[in-house]
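Peer 1: Model the structure of this input:
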Amino acid sequence: MSGLNGQQAVRRPGGIEYGTWAAASELAALYALDDAERRLLVHVAMALLEAQAEGHVCLHVGTLAGSTRWSEAEAQPPREGYRFPDAQRLDALLSGLKLRYPEDPAPLRYDPPRLYTRRMWGLEQELARRMVARHRQPLELADAEAARAVLARLFPATAAEGVEGQRIAVAHALRHPLAVLTGGPGTGKTTTATRLLAALVALSPRTLTIALAAPTGKAAQRLTESVAAQKRWLREQGVDAAWLEPIPDHATTVHRLLGVRGGGDGFVHGTDKPLDLDVLVVDEVSMMDLPLMTALFRALAGPTRVVLLGDPDQLPAVGVGGLLAELVGEAEEACAEDDARWIAEVGGHPVQAQVRVHAPWHAALRHSHRFAPGSDIGRMAKALQDDDLDTAKSLLALAQAEPRDLVWRPDWDEALLLETGAPHWHRLLQARSPEEAFRVLAAFRVLTPLRQGPLGVEQLNRRIEQYLNLGAGSAAGSWYRGRPIMVTRNHYGVGLFNGDVGLVWEENGQNMALFEAGPGMPYRSFPIHRLPEVETVFAMTVHKTQGSEFDEVLLLLPPEAERLLSRELVFTGITRARQRCTVLATQDVWDAAVARRVVREGGLRKALLAALQQA
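Peer 2: Below is the predicted model of the structure:
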């Protein structure tokens with residue numbers, strides 16, 4: 001059988017999707033190779049495309065050397081798979097690639113030891129260049145005395161423990177057009193960002209244009225609430241209202257900020273039509289993938305300051321890339337001497353344990369205000385952050401023997417799940433007003449890593465509805481009063497986006513869908529027939545809860561989710577709970593989950609360092 005361009009076809013391995021094999025074959029056919037080389041490149045390209053489907057920006061070629069892929073001993077007949085050659089042969093092949101038609105653009109880019117598709121290479125390089133250009137944007141710095149006086153007003157001497165770190169982070173960010181502020185739950189990232197904005201307003205000789213954004217509707221809502229609460233607190237402390245007025249009352253999604261073109265084809269704002277902003281704050285950056293982050297920086301121009309907030313210990317984006325982890329890196333570079341002097345003078349404190357300031361743009365908050373000092377949830381979160389798995393195991397055992405705010409149930413059944421959730425669900429369905437219903441909805445959620453299967457969200461939500469005598473086939477039907485729903489597909493026409501959470505409610509005898517619009521604002525109301533695709537959310541995937549908080553969480557870690565389990569998933573799930581988290585998992589599943597780290601392959605940090613070193 002002849003293949004593309006008359007060359008011998010490469011057999012598709014068992015277990016590989018047809019589309020992946022076809023695309024890899026098309027890529028390999030563009031290069032001048034003999035049959036043996038072409039066969040090898042097809043398999044390398046398949047591994048690259050699979051890696052991108054799993055969220056990696058590129059493929060670390062060293063992971064292929066001597067490995068066998070796509071084998072399956074249990075298949076009938078058994079699949080032997082494909083064995084890759086050693087690293088030397090792989091490097092020789094990829095280093096010597098020559099296009100059959102040199103005038104065509106190369107579809108692959110080899111930057112040893114990483115292999116990219118042309119698009120991902122281009123996006124990563126562009127983002128690195130634009131970030132470093134933003135970092136080097138000249139600033140008009142206020143004098144140290146004025147800055148010190150402003151920070152003294154924003155951070156009173158009577159402030160709670162841990163606030164010194166936030167003050168240092170603000171002092172550091174005042175010097176940098178690109179500031180990355182990280183920290184775990186409750187460390188005060190949005191509190192710090194709000195005070196940074198107030199300081200920038202106070203120190204600016206003109207009125208600033210500021211925007212707040214987040215990757216999802218729910219994360220934008222949480223950012224809105226946090227900033228509003230901090231502005232109220234600052235007013236109560238007597239902070240000048242003029243310092244707070246330019247800070248927006250509402251955050252938006254990154255997609256709304258950029259303006260999606262009709263049909264979802266690209267964004268309104270870009271290099272030809274940049275955003276007119278002085279300051280942009282983006283929360284939950286761990287959820288942003290490479291294409292979206294590149295589009296955002298492409299839309300920035302002039303002296304716009306950018307403040308990126310996030311938690312690198314949470315799950316990475318559903319799309320391609322682990323950008324926040326690459327931005328902050330693992331190595332803690334020393335704070336620059338001039339930054340350290342400025343921080344000591346303006347911030348009133350030397351850099352200390354409550355905040356780690358890294359060169360050139362990163363500050364990491366360390367003190368959590370969300371959990372009480374004795375909170376087992378807080379202690380577990382810190383153990384997972386610090387790679388202290390022995391302490392994590394001890395805390396898990398304590399959560400079984402002496403459960404407090406963290407509860408572990410290694411042996412459980414469906415009855416336990418239903419009994420735990422039933423009081424919350426009944427209160428939701430019996431709520432007398434939308435305000436009460438939304439409060440109850442925020443009080444409890446079942447979390448799972450899976451979408452499908454007996455313990456996936458689809459079947460769990462159906463089972464919960466059956467338990468409550470609701471849903472399809474019941475007297476109330478699918479659109480029953482109090483049904484919690486989440487948008488699963490963007491609908492730009494009505495302004496609803498993937499991740500927006502709402503409730504079905506009766507208005508004037510008609511079932512409508514209500515969505516929160518922000519503190520002090522009326523609910524956005526939509527007829528059912530105008531909704532985009534939605535799903536019931538008594539239970540949610542852990543991924544979908546990023547940017548959310550609940551009073552109580554029931555976290556399922558089923559054995560069949562082994563491929564999806566990781567320390568980042570456990571950390572994210574547990575820290576969604578403010579007051580109580582019950583973990584349902586066997587000891588073996590827990591141990592396997594917390595031992596596995598999600599590491600997204602990418603070269604952004606390398607590209608950033610290279611761009612920084614250029615004159």
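
Peer 1: What backbone torsions are found at Arg341?
Peer 2: Arg341 adopts backbone torsions of phi -70, psi -40, taken as degrees, to the nearest 10.

Peer 1: what number of residues lie near it?
Peer 2: As a burial measure, Arg341 scores 13 neighbours (other Cβ atoms under 10 Å). Just so you know, the C-beta spots here come from the backbone N, C-alpha and C atoms, and that holds for glycine as well.

Peer 1: again, but for Phe371
Peer 2: Counted with other Cβ under 10 Å, residues neighbouring Phe371 total 22.

Peer 1: Would you confirm that it belongs to a strand?
Peer 2: No: under DSSP: H, G, I helix; E, B strand; the rest coil, Phe371 sits outside any strand and is assigned coil.

Peer 1: The closest residue to it other than its chain neighbours and Ile574: what is the separation?
Peer 2: Distance criterion Cβ to Cβ, 6 or more residues apart in numbering; nearest residue to Phe371, sequence neighbours excluded, is Gly378 at 2.9 Å. Computed as Cβ to Cβ, to the nearest Å, the Gly378 to Ile574 distance reads 10 Å.

Peer 1: related to what we said a few turns ago, quick one: list the elements packing against the helix or strand where the residue nearest to Phe371 lies.
Peer 2: Take DSSP states H and E as the rule and Gly378 turns out to sit in helix 376-385. Here helix 376-385 touches helix 389-401, strand 406-409, helix 567-574, strand 577-584, going by 3 or more Cβ pairs under 8 Å, 6 or more residues apart in numbering; DSSP states H and E.

Peer 1: and with 7 Å instead?
Peer 2: Packing partners of helix 376-385 (3 or more Cβ pairs under 7 Å, 6 or more residues apart in numbering; DSSP states H and E): helix 389-401, strand 406-409, helix 567-574.

Peer 1: and the last one, what's its mean pLDDT?
Peer 2: It refers to helix 567-574. For helix 567-574, the mean pLDDT works out to 94.

Peer 1: And the first one, by the same measure?
Peer 2: The pLDDT scores in helix 389-401 average 94.

Peer 1: Would you mark the buried spots in it?
Peer 2: Within helix 389-401, the residues scored as buried using 16 or more other Cβ atoms under 10 Å are 392, 395-396, 398-399.

Peer 1: got the residues you listed as a markdown table, with distance to Trp408 columns?
Peer 2: A markdown table is the format used below for the buried residues of helix 389-401 (distance: Cβ to Cβ, whole Å):
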| residue | distance to Trp408 |
| --- | --- |
| Ala392 | 11 |
| Leu395 | 9 |
| Leu396 | 5 |
| Leu398 | 8 |
| Ala399 | 4 |
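
Peer 1: could you check the angle helix 389-401 makes with the helix holding Gly378?
Peer 2: 160 degrees (axes from the mean of the first three to the mean of the last three Cα atoms, to 10 degrees).

Peer 1: Please report how far Arg167 lies from Met288.
Peer 2: For Arg167, the distance to Met288 (Cβ to Cβ) stands at 27 Å.

Peer 1: Same check on Arg366?
Peer 2: Look at Arg366 and Met288: by Cβ to Cβ, they are 23 Å apart.

Peer 1: Which one's more surrounded, the two?
Peer 2: Using other Cβ under 10 Å, the more surrounded residue of Arg366 and Met288 is Met288, with 26 against 16.

Peer 1: And for the more buried one, nearest residue in space, chain neighbours not counted?
Peer 2: When the adjacent residues along the chain are set aside, Met288 lies closest to Pro215, with 5.2 Å between them (Cβ to Cβ, 6+ apart).

Peer 1: show me what contacts the one you found?
Peer 2: Pro215 sits next to 253-254, 284, 287-288 when contact means Cβ atoms under 7 Å, 6 or more residues apart in numbering.

Peer 1: cool, and Val487?
Peer 2: 496-500, 532, 534.

Peer 1: can you do 10 Å?
Peer 2: When contacts are counted by Cβ atoms under 10 Å, 6 or more residues apart in numbering, Val487 touches 216-218, 494, 496-502, 513, 515, 531-535.

Peer 1: Among those, which lie within helices?
Peer 2: Using DSSP state H, the subset of those located in helices is 217-218.

Peer 1: quick one: the strands in the stretch 151-300 of the chain?
Peer 2: 178-182, 210-214, 252-253, 279-282 (DSSP state E, counting those that start in this stretch).

Peer 1: May I see those strands arranged in CSV, with distance to Met131 and mean neighbour count as well?
Peer 2: Output for these, formatted as CSV (distance: least, Cβ to Cβ, whole Å; neighbours: other Cβ atoms under 10 Å):
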stretch, distance to Met131, mean neighbour count
strand 178-182, 6, 25
strand 210-214, 17, 23
strand 252-253, 21, 20
strand 279-282, 13, 24
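
Peer 1: any idea which of those strands scores lowest on pLDDT?
Peer 2: Minimum mean pLDDT among the strands of the stretch 151-300 of the chain: strand 252-253, a mean of 90.
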